[in-house]
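A.B. asks: Quick one: sequence and predicted model below, then my questions.
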Amino acid sequence: YFIQSNLRVIEMTKRLAGAEADVVVETSLQSEGHLELSENVENFSLESDVESEDEIDLPFQDDYNSTGDSIVRPGDYNDSDCSSDEEEIRNRIGNIPMEWYDDYDHIGYDIQGEKVNKGSKKGDELDKLLDRMDNPDFWKTVHNKIEGEDIVLKDDDIAIISKLRNNKFPDLGYNPYEPYVDFITYDKLDTPLVDTPEPKRRFIPSKHEHKKVMKIIRAIRNGWIKPKEDKPKQQSFYDLWGASSDPQKHNPMSMPAPKLPLPGNEESYNPPEEYLPSKDEKDQWQETDPEDRNTNFLPEKYSCLRHVPAYPQLINEKFDRCLDLYLCPRKIKMKLNMNPDDLLPKLPKPKDLKPFPTSVAIKFKDHIGHVYSTDTNKSGEFLVSGGQDKILRIWESSSGRLLCKVSLPDSISCVKWNKTHSIIAAASGNEVYLMNPGLDDKLVVDSSNKILQGLTDISELDHCRWYPMGNDKDGLKMKIVHNNQVSHLTWHNNGNYLGVTMRENSSCSVLIHNIAKNTSQRPFSKSKGQIQQVEFHPNKPFLFVLSQRYVRIYNLLKQAMIRKLICNVKWASSMAIHPKGDNIIVGSYDKTVVWFDLDLSVKPYKSLQQHKGAIRDVCFHPRYPLYASCSDDCSTVVSHGMVYNDLVKNPLVVPVKVLKGHQSASKYGVLCNVFHPLQPWVFTGGADGNILLFV
């Protein structure tokens, strides 16, 4: 502070004198915290090793003069001048999120109801970087979200913030080291204020206490006061089934033993005539089982009591009575009185969940043998199918007209239509054929031909071989030969990657082909068990791998497994991914459909057993909240599966319709199903060689 005051005096002297003067002030902080000053009057130039006054850390005792009074410096913090509680707030919108005004040109309203315009607009990270480089006051600029403007902090504000961050008091007028004033002394004085001698009554026994003691002794001698005798504890016995109230003290929930019903007129030895059974009633009573009889005896009439014989069932009845007493509950149990139907979840009615397919509209007949796979193009106008007869067929889905046939060397296990390009992938044995049917838009067909004609020579890789097929008359453009039989195919959403699953239990059971670059890669270096199917995530770079009992999710960018789902089934058969990517359904050969919610747990959210046979295929509708599962019991179950955007609500799963129309062949039923991409229709292919369209 002393240096700062001298510098201000020197500046004022310069301005008044009009002459150039320099003062050399050399500061060096010693270990004791004192300052050594040396002035050179001839050369007035300021040189200091300290860059700013904020970096000068003076002890607290320098803030006070020799008399102990605090020194009030210029620019010190003053509560009366800087009270944030008295500042007027222009924006009167209240405590609401300011993100609600991001799309408006104003940020709120003032007390008069006028719009408060936004001050400076918040730019992106590049604008912040340029502002940081160009604006010298960027480091002390803060943004007021309520007013929507940038505020440059003053030096006093920065000094207060700096002191608070260094655990110092912001107000320099406050002295935390004021001398302690001891108002009450604890020193023993030589001359006490009161020194009276102790009275004589404190050394003589009290007469009042003597009278009280003698009174108690007299009462004990006369027998008025008797001391309590410790009685030995005796074990109390009581009748368990009696009518005494003793058990009620220990067990308020006890209940008395059941009593025998009082005898009626039918048990009399001389009952009235109306209580005697007829011959038919006696025969009916004897033919009835003993457990179903109303009474254990038949009423009989005797003239006198000495003619009554001994009762043969006496011992049996006494034994049953003992069993009743032994097995009778001895405690009242509170039972919930409720309707069992109230415990069931309240599901909406199927008619309120329409639309969904209900009846057969078109039957596609031309296949011989099983139909293993079906798929549609992006618009749903055409349908492709393949099966046991080694012929790939393309149909018009709205009319059932057969458009073309393509013969392949082996049975077709899977067909997939690329939703981005006009490319059909068909798996036949250990070969995958790529063809362009030429049924889509001309621009899409031309771009697809360029992709498929990019391969000119045979390309041999470690795990597969690529063969160009030229201008084949059937539209076949390319062939990929694998080392093992291909069981399933799947396309990526961008249309350039094709996932292939093979039946071999090895590290080569999954391959990913890049159609645009004519390359292949093996994602796994080790065997992951017997893999049934692989699917791509619709939005993220994730790969879902379905094995016999688990679903593994891999991040293709990080090349690591991020989650492992437990299916709780013996053998999984198929898998489908919800269009949003947060839910999965898995079908199994043990007649169970499992629903996974990835936001909840790695265990199934619901397990549904709606089929009587093995489940062959499951699929989601790309637009409607529907999913379907087909089974060997020749039925397809369509269910309503609504996934809400609200994370608090769980998915709603309700079966709505059972579709039947296929016939069993070789113990197989419906082998595949696929939804129409735009309409609530479903195509099913069965072992009977028929394809049905349900609408």
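C.D. replies: Thanks, I have the structure now. As the structure is a computational prediction, the values presented were derived from the model and not from experiment.
A.B. asks: Let me see the backbone angles for the residue lying farthest from the centre of the chain.
C.D. replies: Within the chain, K200 marks the point farthest from the mean C-alpha position, 85.0 Å out by C-alpha atoms, centre = their mean. Main-chain dihedrals, K200, degrees, to the nearest 10: phi -70, psi -30.
A.B. asks: ok, now S385?
C.D. replies: The phi/psi pair for S385 (degrees, to the nearest 10) is phi -140, psi 150.
A.B. asks: The one 5 residues further on too?
C.D. replies: K390 adopts backbone torsions of phi 70, psi 20, taken as degrees, to the nearest 10.
A.B. asks: Share the number of residues neighbouring it, please.
C.D. replies: Using other C-beta atoms under 10 Å, K390 is surrounded by 17 other residues. For every residue, glycine as well, the C-beta is placed using N, CA and C.
A.B. asks: which intervals of the chain have sub-threshold pLDDT?
C.D. replies: Residue ranges of the chain with pLDDT under 70: 1-88, 119-123, 182-189, 191-194, 235-255, 329-333, 471-472.
A.B. asks: what's the neighbour count on S588?
C.D. replies: 24.
A.B. asks: Not counting its neighbours along the chain, what's nearest it?
C.D. replies: Take S588 and drop its neighbours on the chain: the residue closest to it by C-beta to C-beta, 6 or more residues apart in numbering is V569, 3.8 Å away.
A.B. asks: shouldn't the one you found be in contact with I585?
C.D. replies: No - assessed by C-beta atoms under 8 Å, V569 is found out of contact with I585, at 12.0 Å.
A.B. asks: anything in contact with each of these two?
C.D. replies: When contacts are counted by C-beta atoms under 8 Å, 6 or more residues apart in numbering, V569 and I585 are jointly contacted by V594.
A.B. asks: between those two, who's got more neighbours?
C.D. replies: Higher neighbour count among V569 and I585: I585, with 25 against 21, using other C-beta under 10 Å.
A.B. asks: Indicate each strand paired with the helix or strand where that one lies and its parallel or antiparallel sense.
C.D. replies: With secondary structure defined by DSSP states H and E, I585 is part of strand 583-588. Strand 583-588 pairs in its sheet with strand 572-577 (antiparallel), strand 593-597 (antiparallel), by DSSP bridges.
A.B. asks: C304 is nearest to which of those strands?
C.D. replies: strand 593-597 (78.4 Å; C-beta to C-beta).
A.B. asks: Now the next helix or strand after that closest one: buried residues?
C.D. replies: For strand 593-597, the succeeding helix or strand toward the C-terminus, using DSSP H and E, is strand 606-608. By 16 or more other C-beta atoms under 10 Å, the buried positions in strand 606-608 come out as L608.
A.B. asks: Now do the following helix or strand past strand 606-608: distance to the chain's middle.
C.D. replies: Note on strand 606-608: by DSSP H and E, the next helix or strand toward the C-terminus is strand 615-620. With C-alpha atoms, centre = their mean, to the nearest Å as the basis, strand 615-620 stands 25 Å off its chain's centre.
A.B. asks: any idea how far stretch 534-549 is from the chain center?
C.D. replies: 20 Å.
A.B. asks: Same question for stretch 491-502.
C.D. replies: Using C-alpha atoms, centre = their mean, the offset of stretch 491-502 from its chain centre is 30 Å.
A.B. asks: Specify the beta-bridge partners of the spatially closest residue to H106 that is not a sequence neighbour.
C.D. replies: Closest residue in space to H106, ignoring its immediate chain neighbours: K115 at 4.0 Å, by C-beta to C-beta, 6+ apart. Beta-bridge pairing for K115 (DSSP bridges): Y109.
A.B. asks: Can you verify my assumption that K115 contacts Y101?
C.D. replies: No - K115 is beyond contact range of Y101, at 10.2 Å (criterion: C-beta under 8 Å).
A.B. asks: More neighbours: which of the two?
C.D. replies: More crowded of K115 and Y101, by other C-beta under 10 Å: Y101, with 18 against 12.
A.B. asks: Kindly indicate whether the residue nearest to the more buried one when sequence neighbours are not counted is helix, strand or coil.
C.D. replies: Nearest-residue entry for Y101: I107, 5.0 Å, with adjacent residues in sequence omitted and distances by C-beta to C-beta, 6+ apart. I107 falls in the strand class when you classify it by DSSP: H, G, I helix; E, B strand; the rest coil.
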